[in-house]
Structures are given as C-alpha cells and as structure tokens.
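# The amino acid sequence is not available; the structure is as follows:
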C-alpha cells in the first residue's frame, strides 16, 4: 500500500507544488490587472507585457498543475502538447482565413441584403 501511495505522490503533485502554482498564477494575474488598471504601460508595450505574463502563466500551469515536466511519460506528454498546439493553430488560422475570405468575397449588394435581413427589414 505504501508503494502505491509513494508512486502516486511522485507522478502527481504535492500540496506544496499546488500551493506554489496557485500563488504564482494569482501573482501573474494580479500583475496583469495592475498593469492595466494603474496605466503603468500603454499601447503595444502593454499588449506585449500582458502576452508575456500570459505565456509565463501558461508554462507555470503546465508545470505545476498538469505536471508536464515530471512523471514517467514526459516525452509522450510533450509530444501530445505539441500536437495539440498544432491542431489549435490549424483550427484558429483556418477559421480566420475562412472568415476573411467570406468577408472579402461578399459583394456590396450581398452585404446590404444581409444587413437588411438581420434588421428584420425583409
């Protein structure tokens, strides 16, 4: 019984690991909030700072909560993560491409007809 408990503790996280991850996540969220609410940065500097904090929080959550860098299947977990990122990129990029082309190829008459239909005019 103690071997099962010990192996689960090494595969999963400890209370200390979860608490550390929670504190890091809250700290990064508060930092992003303060950047916006206190007008510390503006314009593209603010955008880049928030994106940077978001990426740091992504890796913190992958490490502390999903245990990406730990466990016996580290290689397969990383491969799965990369595949998931590729699929999400394809779906998002494809959706944006389709929406752009639909908007670009719509004639002004089609646009006016669509807007009248949405307003209930037809």
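Perfect, thanks for sending it. Just so you know, these numbers come straight off a predicted model, no measurement behind them. Numbers count the residues shown, from 1 in each chain.

# low pLDDT regions in the protein?
The model of the chain has pLDDT under 70 over residues 1-12, 103-104, 121-122.

# What residue spans form the domains of it?
1-72, 73-122 (automatic domain parsing).

# for this protein, longest helix please?
helix 74-105 (DSSP state H).

# how far off helix 74-105 does whichever helix or strand comes after it point, in degrees?
Next in sequence after helix 74-105, counting helices and strands by DSSP states H and E, comes helix 108-119. Interaxial angle of helix 108-119 relative to helix 74-105 (axes from the mean of the first three to the mean of the last three Cα atoms, to 10 degrees): 110 degrees.

# Check the offset of stretch 114-122 from the chain's centre.
36 Å (Cα atoms, centre = their mean, to the nearest Å).

# Also stretch 82-96?
That offset, for stretch 82-96, works out to 12 Å (Cα atoms, centre = their mean).

# mind starting the numbering at 887 from now?
Noted, 887 is the first residue going forward, which turns the last one into stretch 968-982.

# tell me the secondary structure for residue 925?
Following DSSP: H, G, I helix; E, B strand; the rest coil, residue 925 is assigned to coil.

# What's the separation between residue 954 and residue 967?
7 Å (Cβ to Cβ, to the nearest Å). For every residue, glycine as well, the C-beta is placed using N, CA and C.

# can you check residue 980 too?
From residue 980 to residue 967 the distance is 20 Å (Cβ to Cβ).
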